[in-house]
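J.: Using only what follows, build the 3D model:
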Amino acid sequence: MKKIINPWRKLAGYNCFGCSPDNEYGVKMEFYEDGDEVVSIWKPDEHYQGFLHTLHGGIQSVLLDEICGWVVFRKLQTAGMTTKMETRFRKSVSTDASHLVLRASLKEQKRNLAFVEARLYNDKGELCTEALCTYFTFPKEKAEKEMFFRSCEVEPEELLPLI
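T.: Numbers count the residues shown, from 1 in each chain. A predicted model of the protein is given here:
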């Protein structure tokens, strides 16, 4: 796997709840490219619980929506916005888990719509939550002008994320 370089990491005012490393309240996701998939390893904690020791469904949706966006950034080399998200909660997710693994890939693209599938697995490898996100993708010129997106690259070296 290769680590995906966050194209906004040095942009003044960048404070995304999902992926900014500097948002003290955010989930601070990082992403890796693994073939056709984008992967994220994330550590839950008690600040994000709904019921006792259970990861809030809204936070699960944030994680899945965010990784779907990164599929658009990396695989389609543009930006966009979520227009629809269908989420299926299959198994509760413990906030005591050592880590969660999220995986997402492009299912289909029709003109300016991208359909991205995402899955969230617990630290035992069990599928807990899945989503299908529909993204409206911007033309590259609009992505650059309005979202400051030029490209989404990876680090040159292969690495294994720490779990």
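
J.: what about residue 114, distance to residue 18?
T.: Computed as Cβ to Cβ, to the nearest Å, the residue 114 to residue 18 distance reads 17 Å. Where C-beta positions appear, they are placed from N, C-alpha and C, glycine not excepted.

J.: Distance from the chain centre to stretch 139-148, please.
T.: 20 Å (Cα atoms, centre = their mean, to the nearest Å).

J.: Same question for that stretch: list its buried residues.
T.: Within stretch 139-148, the residues scored as buried using 16 or more other Cβ atoms under 10 Å are 143, 147.

J.: same deal with stretch 72-81?
T.: Within stretch 72-81, the residues that count as buried by 16+ other Cβ under 10 Å are 72, 73, 74, 75, 76, 78, 79, 80.

J.: for the spatially most central residue of the chain, phi and psi?
T.: By Cα atoms, centre = their mean, the mean C-alpha position of the chain lies nearest to residue 67, the distance being 1.6 Å. Summarising the backbone geometry of residue 67 under the convention degrees, to the nearest 10, its torsions are phi -70, psi -30.

J.: Stretch 115-135 spans what distance, first to last residue?
T.: 6 Å (Cα to Cα, to the nearest Å).

J.: residues of it that come out buried?
T.: Of the residues in stretch 115-135, those buried by neighbour count under the rule 16+ other Cβ under 10 Å are 116-123, 128-135.

J.: ok, now stretch 47-58?
T.: Under the neighbour-count criterion of 16+ other Cβ under 10 Å, stretch 47-58 has 48, 49, 54, 55, 56 buried.

J.: Give me the contact list for that stretch.
T.: Contacting residues not belonging to stretch 47-58 are listed as 27, 44, 46, 59, 87, 89, 92, 93, 94, 95, 96, 100 [Cβ atoms under 8 Å, 6 or more residues apart in numbering].

J.: For the protein, which segments are assigned as strands?
T.: For the chain, applying DSSP state E gives strands covering 2-4, 32-34, 37-42, 80-89, 100-110, 113-121, 127-137, 154-158.
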